[in-house]
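Novice: show me the folded form of this:
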Amino acid sequence: MKLSAISDMLFLDSLEEALQTMQKLGFRYVDLRDKLDGDTVDSLGTGKAKEIRKMLDHYGLQACVLVSRAIYPISHFGPHRYNKYDEQYHAFTLREFDRLCDTAEILGASCIRINTLYRTRNYFKLSDHEKEEQQTHNAEALRKLAEHGAKRGVIALVENEPPSLANKAEEFAILLEKVNHPNLRINWDIVNQWRAGTYPTVADYELIKGSLGGTHLKGAYRVPGSETVQNPSGVYRNVAIPDIDDFDHMPLLKAIAEHDPDAIMTIDTHFHELDPADKQWGAVEVMRRSKKFFEAMLA
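Specialist: Next up, the predicted model:
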């Protein structure tokens, strides 16, 4: 098992301070996204990437995943940020993915986290045929990235964001069948599935078992009193520190550890979204507690 964390969730002033802190917390692996001393993985140039690689080596850390926001960017609210039927945009995206492959090679990362295409706002009003067309179009776009990843020795990890065309395990299963390529694997953000409306269970995991390249781990609160006979797990309310939250992590993590032992388990605390009472602990302490919690569960 590789237990990693996204370095920007420490909310420290410099990347070197973040990497030094991760070393002190006992991490061996790190995912990189934002707060790279003025850059993100999507803007990082060759020279700066080489400097970061030296820092990683100095602190004994292995980069696992480059977490890209630029590959089919997601808009949680408001208008979509691109036209998913624009072939020129898809060609641009492929070039951006290739540039990220260059960065991954320098940093020693084996995976690039991406999004699916977006879910149109009226998706649930569409006919089954129209939904099938969108899912097929989505798979065709992602297959091109997987094929390019195979040429570059990189795995494309697709994550379930609520506004995406795969925001739960059931839709991931459809995507995997349609893409049918070993260089496209799943980055299952378990709490994101609850956030999108479906409480994740081991039965959900069975649909994608053996296809996980990574997970994102964080805690979550439910809306108080939202449990019903039809929905005994209740409704998602907000992210939380996992050792005091309302989500039952153990069944899923045990199943993933058994059947997808090579999946990268990445702590993504979403510290900035925590309730004020939870934020009082500070980002580093929340990360320490999260690591302790997940390590104990997976021991």
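Novice: buried stuff in the helix or strand containing His148?
Specialist: Per DSSP states H and E: His148 is located in helix 128-152. For helix 128-152, a neighbour-count test (16 or more other CB atoms under 10 Å) marks 131, 134-135, 138-139, 141-146, 148-149 as buried. For every residue, glycine as well, the C-beta is placed using N, CA and C.
Novice: other residues contacting it?
Specialist: Helix 128-152 is contacted by residues 71-72, 84-85, 90, 93-94, 97-98, 101, 104-105, 112, 114, 116-117, 119-120, 123, 126, 155-156, 158, 165-166, 171, 174-175, 178-184 when judged by CB atoms under 8 Å, 6 or more residues apart in numbering.
Novice: out of those, which are buried?
Specialist: If you count burial by 16+ other CB under 10 Å, the buried members of the contacts of helix 128-152 come out as 71-72, 84, 90, 93-94, 97, 101, 104, 112, 114, 116-117, 119-120, 155-156, 158, 165-166, 171, 174-175, 178-179, 181, 183-184.
Novice: which ones among these are found in strands?
Specialist: When DSSP state E is applied, the buried ones among the contacts of helix 128-152 are split such that 112, 114, 155-156, 158, 184 fall in strands.
Novice: and which of the buried residues of helix 128-152 is nearest Ala63?
Specialist: Closest approach between the buried residues of helix 128-152 and Ala63, by CB to CB: Gly149, at 16.1 Å.
Novice: next one, pLDDT for Arg121 please.
Specialist: The model reports Arg121 with a pLDDT of 88.
Novice: my error: substitute Met1 in the last question.
Specialist: pLDDT, Met1: 79.
Novice: before we move on, what about Ala255?
Specialist: Listed pLDDT for Ala255 reads 97.
Novice: confirm it sits in a helix?
Specialist: Yes: Ala255 sits within a helix when classified using DSSP: H, G, I helix; E, B strand; the rest coil.
Novice: got the contact list for it?
Specialist: Per CB under 8 Å, 6+ apart, neighbours of Ala255: 202, 205, 209.
Novice: buried ones among the residues you listed?
Specialist: Buried, going by 16+ other CB under 10 Å: 205, 209, out of the contacts of Ala255.
Novice: turn the contacts of Ala255 into CSV, including distance to Val67.
Specialist: As requested, the contacts of Ala255 are exported to CSV (distance: CB to CB, whole Å):
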residue, distance to Val67
Val202, 26
Tyr205, 22
Lys209, 23
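Novice: now the helices for the chain?
Specialist: Per DSSP state H, the chain carries helices over the ranges 15-25, 46-58, 87-107, 128-152, 169-179, 190-195, 202-208, 250-259, 276-279, 283-298.
Novice: residues contacting the residue lying closest to Arg185 once chain neighbours are set aside?
Specialist: Sequence neighbours aside, Gly213 is the residue nearest to Arg185 in space, at 3.3 Å (criterion: CB to CB, 6 or more residues apart in numbering). Shown in contact with Gly213 (CB under 8 Å, 6+ apart): 111, 155, 157, 185-187, 262-264.
Novice: just the buried residues out of those, in ChimeraX syntax.
Specialist: The following ChimeraX line selects those of the contacts of Gly213 that are buried, judged by 16+ other CB under 10 Å:
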select :111,155,157,185,186,187,263,264
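Novice: circling back to that earlier point, now pLDDT and distance to Ala49 too, for the contacts of Ala255, in JSON lines please.
Specialist: Formatted as JSON lines, those follow (pLDDT from 0 to 100; distance: CB to CB, whole Å):
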{"residue": "Val202", "pLDDT": "98", "distance to Ala49": "39"}
{"residue": "Tyr205", "pLDDT": "98", "distance to Ala49": "35"}
{"residue": "Lys209", "pLDDT": "98", "distance to Ala49": "34"}
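Novice: going by distance to Gly225, which of the contacts of Ala255 wins?
Specialist: For the contacts of Ala255, the minimum distance to Gly225 (CB to CB) is 25.7 Å, reached by Val202.
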